[in-house]
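**Q** model the following, please.
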Amino acid sequence: MTKTIIIFAVALAGACTSPANENDQDAGAQASISIVDMTPSHDSSQVDVSVIAEALLSGPIDPQSVDARSVIIWHVATGDKLPRRATYDPETATIRVEPMTPLGYADDYGFTIVGLRDFGGNVVPTREAMFTTVAR
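**A** Next up, the predicted model:
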């Protein structure tokens, strides 16, 4: 059974070791759009390994900016990006992130959203959450 979870992320201050840094597309003006709700929340534990994550935005974004480069699921220990599919629903301003393989049990992962743009080309602030999956 697959569960749908809404991602809640907290912007991490200071150094960020996520793989998003290599793709950071934060050039340009900052958008007035923000990520208002994401789950699992930062430092969550017992997250289901078959999670489908969702991020709720405060308003519409350019759907062309939602892709595998802008929505990243990564393994904390290795930094490896996991295969994933990211979709955007403009009716609800929601991004869905589906890992293409189940996550490992009792393991640490990060979700990073970087480089999204509004229709004016302004960049939505990068957000990141770290979480631990459920033990077997």
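**Q** pull the number of nearby residues for the closest residue to residue 100 other than its chain neighbours.
**A** In space, residue 100 comes closest to residue 83 once its chain neighbours are excluded; the distance is 3.9 Å by CB to CB, 6 or more residues apart in numbering. Every residue, glycine included, has its C-beta placed from N, CA and C. Residue 83: 10 surrounding residues under other CB atoms under 10 Å.
**Q** would you map the strands across this protein?
**A** Taking DSSP state E, the strands of the chain run over residues 4-6, 35-39, 44-47, 52-57, 71-75, 84-89, 94-99, 108-113, 127-133.
**Q** turn these into a markdown table, including mean pLDDT, mean neighbour count and distance to residue 29.
**A** Below are the strands of the chain laid out as a markdown table (pLDDT from 0 to 100; neighbours: other CB atoms under 10 Å; distance: least, CB to CB, whole Å):
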| stretch | mean pLDDT | mean neighbour count | distance to residue 29 |
| --- | --- | --- | --- |
| strand 4-6 | 39 | 16 | 28 |
| strand 35-39 | 88 | 19 | 17 |
| strand 44-47 | 94 | 15 | 32 |
| strand 52-57 | 91 | 22 | 17 |
| strand 71-75 | 94 | 22 | 21 |
| strand 84-89 | 95 | 16 | 21 |
| strand 94-99 | 94 | 20 | 21 |
| strand 108-113 | 94 | 23 | 18 |
| strand 127-133 | 94 | 22 | 18 |
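**Q** quick one: which of these is nearest residue 65?
**A** Closest to residue 65 of the strands of the chain, according to CB to CB: strand 84-89, at 8.6 Å.
**Q** so what's the model's average confidence on stretch 116-123?
**A** Across stretch 116-123, the average pLDDT comes to 94.
**Q** follow-up on the earlier one: could I get the strands of the chain as a markdown table with distance to residue 119?
**A** Below are those laid out as a markdown table (distance: least, CB to CB, whole Å):
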| stretch | distance to residue 119 |
| --- | --- |
| strand 4-6 | 24 |
| strand 35-39 | 17 |
| strand 44-47 | 32 |
| strand 52-57 | 12 |
| strand 71-75 | 18 |
| strand 84-89 | 13 |
| strand 94-99 | 16 |
| strand 108-113 | 17 |
| strand 127-133 | 20 |
